[in-house]
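Peer 1: pasting the structure only:
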Ligand code: ADP
Ligand code: MG
């Protein structure tokens, strides 16, 4: 329904209008927030605002062009429903990109202030949870799960073993020992298994710790003479996950404690999951501990192949809601081979760059990032669109000048008629350089040299060629000049 009468907000002063838009948007966001996963809500609705009304259209401003498709595909429905709830005259949502919304707190709403994370409120910045008195587990990162772990030849066995353990903790694969180099997914798998076990059985007591934290606990318990207590507590655990046990090397007392805890849990058919950077027999630990590890299931994670790397990148890009061109992801996968953390690192740099410069990552921009991070990637400059430093071909005049400087003779003498030996060589060198590198004809070279005949030039060139064959110093000098002039 069209109305010829302006709405009150349309004739109100701008500041008031902005304020009422803000209020309305806040109301709408409060409804949307309940419908959208928090991380996505915070990501996609940051720096958004109502720009205005146009009849039944509510115009929503987005700070980045990247958000346009995403909003239209994913949030248009919820936004419209929420908007209608607040103002039933709204019939449609229209999006517009407005770069000035970025970091403009007067026009936008600070989501982190207005919509505080309920989980954060309970556990301010805590990385740990106290299970019971004396028993501490690191919080399992919910980002790590078995579903978003990409399986390839490099980690198939490890993933399958984790899945089996998640389905039946304390079963066949006990203990489960994962090993492999840094950044290849051990921590991800360990925590994902813990998460899966908790999902299947929320009341089970899952403790995830690193060997460093375990050591610290033991040291502290010895200091306060509470080792007995800790020992008893650990025995109540259902699932014990210890990451990076290689760091237990040389810590005899901690190893001993771990050995006893391990035995108790093992005998009670409680699941133990361990990771290390190398297989058990190569660990610098007590033999009895190593032989315990060897009793169970041992699986390695190794560096992923190209297809797995690419699949991981696609998955990560999706998780971060990045619209990166497939060619760009392929390029990263091709040139980042060491580990997955590095892959992610480059992806994150790309996001940062995107946010700063508001431009989509390209092969060239990614290549620049890799160069900066000094990853020594093996791509050719031309392949990624880097311009080769332009080597402009010098003019003949410049060649003659360079030769004159090199031999400290004047240009006039070189091109003039003088036939002294010290002039002869530089003159001949200029000629051969002009012929060889600038493709000049004998005739045109002769013209530059005071109208000498082309046969004279031919002779001069062949003479100097002969000389260079036998005179190493001369050869070196000519090379130096060629280099200086950028001819080689
Ligand atoms: P490690 O503990 O072996 O050093 P991490 O588990 O910390 O390695 O892995 C490094 C990063 O790579 C993590 O962000 C993890 O999510 C990711 N990652 C590793 N392997 C995979 C995989 N197969 N699929 C998805 N993400 C992976
Ligand atoms: Mg790790």
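Peer 2: Thanks, I have the structure now. This structure is a prediction, so every number in the text was calculated from the model and none was measured. Numbering: from 1, shown residues only. Ligands and ions are numbered 1, 2, ... in the order given.

Peer 1: OK, contacts around residue 312?
Peer 2: 150, 304, 340, 343 (Cβ atoms under 8 Å, 6 or more residues apart in numbering). Using the backbone N, CA and C atoms, a C-beta is placed for each residue, glycine as well.

Peer 1: rerun that using 6 Å as the cut-off
Peer 2: 150, 340 (Cβ atoms under 6 Å, 6 or more residues apart in numbering).

Peer 1: on the three-state scheme, it is what?
Peer 2: Under DSSP: H, G, I helix; E, B strand; the rest coil, the three-state class of residue 312 is helix.

Peer 1: in which helix or strand would I find residue 67?
Peer 2: Counting by DSSP states H and E, the element that carries residue 67 is helix 66-70.

Peer 1: any idea of the mean pLDDT for that helix?
Peer 2: Here helix 66-70 scores 82 as its mean pLDDT.

Peer 1: and the next helix or strand after it, how far out from the chain middle?
Peer 2: Once the chain leaves helix 66-70, the next helix or strand it forms, by DSSP H and E, is helix 76-86. The chain centroid and the centroid of helix 76-86 are separated by 36 Å, computed with Cα atoms, centre = their mean, to the nearest Å.

Peer 1: on contacts alone, who are the packing partners of helix 76-86?
Peer 2: Of the remaining helices and strands, those touching helix 76-86 by 3 or more Cβ pairs under 6 Å, 6 or more residues apart in numbering; DSSP states H and E are helix 14-35, strand 92-97.

Peer 1: pull out the buried residues from the last one.
Peer 2: To tie it back to what came earlier, the one meant is strand 92-97. Of the residues in strand 92-97, those scored as buried under the neighbour-count criterion (16 or more other Cβ atoms under 10 Å) are 93, 95.

Peer 1: ok, back up a step: worst mean pLDDT among the helices and strands packed on helix 76-86?
Peer 2: helix 14-35 (a mean of 85).

Peer 1: what's that helix packed up against?
Peer 2: strand 49-54, helix 76-86.

Peer 1: what are the buried residues along it?
Peer 2: Using 16+ other Cβ under 10 Å as the burial criterion, the residues of helix 14-35 that qualify are 17, 18, 21, 22, 24, 25, 28, 29, 31, 32, 33.

Peer 1: show the contacting residues for residue 178.
Peer 2: For residue 178, the set of contacting residues under the criterion of Cβ under 6 Å, 6+ apart consists of 158, 186, 275, 299.

Peer 1: quick one: it is in a strand?
Peer 2: Yes - the assignment for residue 178 is a strand, going by three-state DSSP.

Peer 1: what are the structural domain limits within the protein?
Peer 2: With automatic domain parsing as the criterion, the domains of the chain are listed as 8-114, 130-300, 306-373, 396-484.

Peer 1: returning to what we had before: any chance of the helices and strands packed on helix 76-86 in a markdown table, plus distance to residue 222?
Peer 2: Output for the helices and strands packed on helix 76-86, formatted as a markdown table (distance: least, Cβ to Cβ, whole Å):
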| stretch | distance to residue 222 |
| --- | --- |
| helix 14-35 | 48 |
| strand 92-97 | 61 |
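
Peer 1: so for residue 215, which of those sits nearest?
Peer 2: Using Cβ to Cβ as the criterion, the shortest distance between residue 215 and those is 42.4 Å, found for helix 14-35.

Peer 1: what's the closest one in contact with?
Peer 2: Surrounding helix 14-35, the residues in contact under the criterion Cβ under 6 Å, 6+ apart are 9, 41, 49, 50, 78, 82, 83, 85, 86, 109, 115.

Peer 1: now, which of those sits nearest residue 402?
Peer 2: Where those are concerned, and distances follow Cβ to Cβ, residue 402 has its nearest neighbour in residue 49, at 62.2 Å.

Peer 1: my guess is the closest one contacts residue 61. True?
Peer 2: Yes - Residue 49 is in contact with residue 61 according to Cβ atoms under 6 Å; the separation is 4.9 Å.

Peer 1: intersection of neighbour lists for those two?
Peer 2: Contact criterion Cβ under 6 Å, 6+ apart; residues bridging residue 49 and residue 61 by contacting each: residue 101.

Peer 1: ligand 1 contacts on this structure?
Peer 2: When proximity is defined as Cβ under 6 Å from any ligand atom, the chain approaches ligand 1 at 149-150, 155, 180, 182-188, 312, 315, 340-341, 344.

Peer 1: out of these, which end up buried?
Peer 2: For the residues of the chain next to ligand 1, burial is judged from neighbour counts taken by 16+ other Cβ under 10 Å, and it is met by 149-150, 155, 180, 183-188, 312, 340, 344.

Peer 1: low-scoring stretches of the protein, by residue?
Peer 2: Counting by pLDDT under 70, the chain contains low-confidence residues at 1-18, 117-136, 358, 374-391.

Peer 1: count the neighbours of residue 470 for me.
Peer 2: Using other Cβ atoms under 10 Å as the criterion, residue 470 is surrounded by 8 other residues.

Peer 1: closest one of the contacts of helix 14-35 to residue 404?
Peer 2: Nearest to residue 404 among the contacts of helix 14-35, counting by Cβ to Cβ, is residue 49 at 68.0 Å.

Peer 1: check contacts around that closest one.
Peer 2: The neighbourhood of residue 49, defined by Cβ under 6 Å, 6+ apart, consists of 25, 61, 101, 107, 108.

Peer 1: try 10 Å this time
Peer 2: Counting by Cβ atoms under 10 Å, 6 or more residues apart in numbering, residue 49 touches 18, 21-22, 25, 59-63, 98, 101, 104, 106-109.

Peer 1: returning to what we had before: looking at the helices and strands packed on helix 76-86, which is closest to residue 288?
Peer 2: Counting by Cβ to Cβ, residue 288 lies closest to helix 14-35 out of these; the figure is 54.4 Å.

Peer 1: after that closest one, which helix or strand is next? Please name it.
Peer 2: With elements assigned by DSSP H and E, the helix or strand that comes after helix 14-35 is helix 38-44.

Peer 1: off-centre distance for that following helix?
Peer 2: Between the mean C-alpha location of helix 38-44 and the chain-wide mean there is a distance of 20 Å, by Cα atoms, centre = their mean.

Peer 1: mind listing what's buried along that helix?
Peer 2: Using 16+ other Cβ under 10 Å as the test for burial, helix 38-44 gives 41, 44.
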